[in-house]
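1. Following is a predicted model, sequence given first.
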Amino acid sequence: MSTYAEFLDGEHPEYVAVYLSDGMVDDLGPLEQYGERRDDGLVLVVPGDKGRSVFKQVTGMEAMQFSQQAMGTNGDIEDDLAGGECPTKHPDEPESDHETEFVFAFFEEQNEEVGGLYAEGDVMHAYAYCECGTAYSDRWVV
């Protein structure tokens with residue numbers, strides 16, 4: 001099983017995932033040895049500090065500042081972390097105007113003392129950025 005698949009299953013809590021769309025980075029080729037190819041991009045699953053550094057190099061943003069910005073808007077991010085549905089997309093707008101450019105994700109291990117979702121299991125925190133400029137977040141039990 002790959003590190004990516006293990007991460008999606010709630011293993012490697014010290015890692016983060018970064019999805020980069022083909023349109024976000026001119027050439028994902030050099031990064032492919034470190035990640036898993038998806039239909040429209042690449043998901044990297046790497047140790048936290050390295051992942052945050054890669055995120056900043058590619059997006060120009062600090063991962064945690066971006067996460068805080070995205071928390072203000074709820075949306076739907078795919079369980080495989082390779083895209084999402086922009087919450088500001090109107091039904092009459094084309095999908096092509098709302099492609100996910102990148103996703104940053106991590107999970108917190110189950111914590112029954114905190115309650116809520118955290119009592120149910122490991123919780124994935126995912127933050128996405130749409131090409132329209134909307135940053136949004138989603139979370140779910142792994």
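-> Arrived safely. Worth saying up front: this structure is predicted, and the values here are computed from it rather than measured.

2. Okay, now the sheet partners of the worst-scoring helix or strand of the chain on mean pLDDT, with direction.
-> Across the helices and strands of the chain, the lowest-confidence element by mean pLDDT, DSSP states H and E is strand 35-38, at a mean of 89. Taking DSSP bridges as the criterion, strand 35-38 sits next to strand 41-47 (antiparallel) in its sheet.

3. Which parts of the strand it pairs with count as buried, going by neighbours?
-> By neighbour count with 16 or more other C-beta atoms under 10 Å, strand 41-47 contains the buried residues 41-46. C-beta: built from backbone N, CA, C; applies to glycine.

4. Alpha carbons only: can I get the least confident helix or strand of the chain in PDB?
-> Taking C-alpha atoms only, strand 35-38 is exported to PDB below (Å, rounded to 0.1, in the frame of the first residue of the first chain):
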ATOM      1  CA  GLY A  35       3.500  11.700  -5.200                       C
ATOM      2  CA  GLU A  36       0.500   9.900  -6.700                       C
ATOM      3  CA  ARG A  37      -0.800  10.900 -10.100                       C
ATOM      4  CA  ARG A  38      -4.500  11.800 -10.200                       C
END
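
5. quick one on the thing from earlier: which one of the buried residues of strand 41-47 is nearest Lys89?
-> Of all the buried residues of strand 41-47, Gly41 has the smallest distance to Lys89: 18.7 Å, by C-beta to C-beta.

6. Tell me the spacing between the closest residue to that closest one other than its chain neighbours and Leu42.
-> Among residues not flanking Gly41 along the chain, Ser21 sits closest, at 4.1 Å (C-beta to C-beta, 6 or more residues apart in numbering). From Ser21 across to Leu42, the span is 8 Å (C-beta to C-beta, to the nearest Å).

7. biggest helix in the protein, by residue count?
-> With secondary structure taken from DSSP state H, the chain has its longest helix at helix 48-59.

8. For it, which outside residues touch it?
-> Under the contact criterion C-beta atoms under 8 Å, 6 or more residues apart in numbering, helix 48-59 has outside partners 14-18, 20, 24-25, 44-46, 61-64, 66, 102, 104, 106, 129.
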